[in-house]
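Student: Any chance you could fold what I've pasted below:
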Amino acid sequence: MLKVAPSILSADFVNLERDIRALSVADADYVHVDVMDGLFVPNITIGIPVVAAIRKITDLPLDVHLMIDRPLRYVDDFCKAGSDILTVHVEADNEENTIAALKRIRENGVKAAISVKPKTPPEAVLPYLPYCDLILVMTVEPGFGGQSFMQDMMPKLKQIRSYIDAQNPTCELEVDGGINEKTAKICAENGANVFVAGSAYFKAEDPSAFVRALKA
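Tutor: Prediction:
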């Protein structure tokens with residue numbers, strides 16, 4: 001089943017409630033929330049209080065992507081704020097702490113996920129795969145919206161799909177970066193089933209039609 005997770009990084013922050021409520025009307029599956037700390041990536045976005053506020057205005061699952069340094073320090077707080085899926089980066093800490101973060105997320109009753117940046121090889125996910133409900137492959141360098149899709153990430157995506165199929169078949173495979181009607185099809189052909197779309201969704205003349213096109 002193909003799913004769409006619009007990224008509110010590209011929403012109108014003055015009218016954030018309006019834009020988030022509209023996601024349900026457009027038949028989106030998740031609300032993708034990008035959290036950046038200015039350390040792990042060169043940008044600062046939103047934090048725990050905003051996630052908690054978003055939780056109050058939508059019944060859609062909150063797909064919270066932590067682009068922050070040493071996320072183990074904050075996973076409990078983000079879980080309690082209302083995350084349904086909580087993603088940490090393999091590059092953000094050592095293996096021991098990353099596994100501890102994934103276990104802690106699951107102990108909170110939240111789905112645990114990891115993400116890999118473009119330069120990180122596919123085999124980097126292997127130590128974490130047993131603890132994951134989702135793996136996120138970045139098809140741009142994390143930090144800013146509106147970047148161009150990196151098609152050379154497709155061999156990595158396909159390889160991670162093979163790992164999932166062999167070791168954890170219920171795990172979802174998500175892509176984030178430059179996703180539109182054309183690139184989503186390419187990603188689906190290489191194993192992805194969840195598409196994070198920011199600029200393309202929020203600039204679409206008909207968001208509902210855009211979501212349907214990604215799921216087609």
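Student: Name the secondary structure element that contains the spatially most central residue of the chain.
Tutor: Centre of the chain computed as the mean C-alpha position; nearest residue by Cα atoms, centre = their mean is His65, 5.1 Å away. Assessed by DSSP states H and E, His65 sits inside strand 62-67.
Student: likewise Ala113?
Tutor: For Ala113, the host element (DSSP H and E) is strand 111-116.
Student: avg pLDDT for that strand?
Tutor: When pLDDT is averaged along strand 111-116, the result is 98.
Student: ok so, going back, what residues does the strand holding His65 touch?
Tutor: 5, 30-37, 40-41, 51, 54-55, 74-75, 78, 82-89, 92, 115, 136, 142-143, 174, 176, 196 (Cβ atoms under 8 Å, 6 or more residues apart in numbering). Every C-beta, even on glycine, is put in place using the N, C-alpha and C of the backbone.
Student: distance between the strand holding Ala113 and the chain's centre?
Tutor: Relative to the centre of its chain, strand 111-116 is centred 8 Å away, using Cα atoms, centre = their mean, to the nearest Å.
Student: Now do the buried residues in the host helix or strand of Ala209.
Tutor: Counting by DSSP H and E, the element that carries Ala209 is helix 207-215. By neighbour count on 16 or more other Cβ atoms under 10 Å, the buried set for helix 207-215 is 207, 210-211, 213-215.
Student: Stretch 127-140 too?
Tutor: Residues of stretch 127-140 classed as buried by neighbour count (16+ other Cβ under 10 Å): 128-129, 131-140.
Student: Then stretch 147-159?
Tutor: Of the residues in stretch 147-159, 147, 149-150, 153-154, 156-159 count as buried by neighbour count, 16+ other Cβ under 10 Å.
Student: Next, the residue nearest to Thr45 when sequence neighbours are not counted: phi, psi?
Tutor: The shortest distance from Thr45 to any non-neighbouring residue, by Cβ to Cβ, 6 or more residues apart in numbering, is to Met36 (4.5 Å). For Met36, the backbone dihedrals (degrees, to the nearest 10) come out as phi -130, psi 140.
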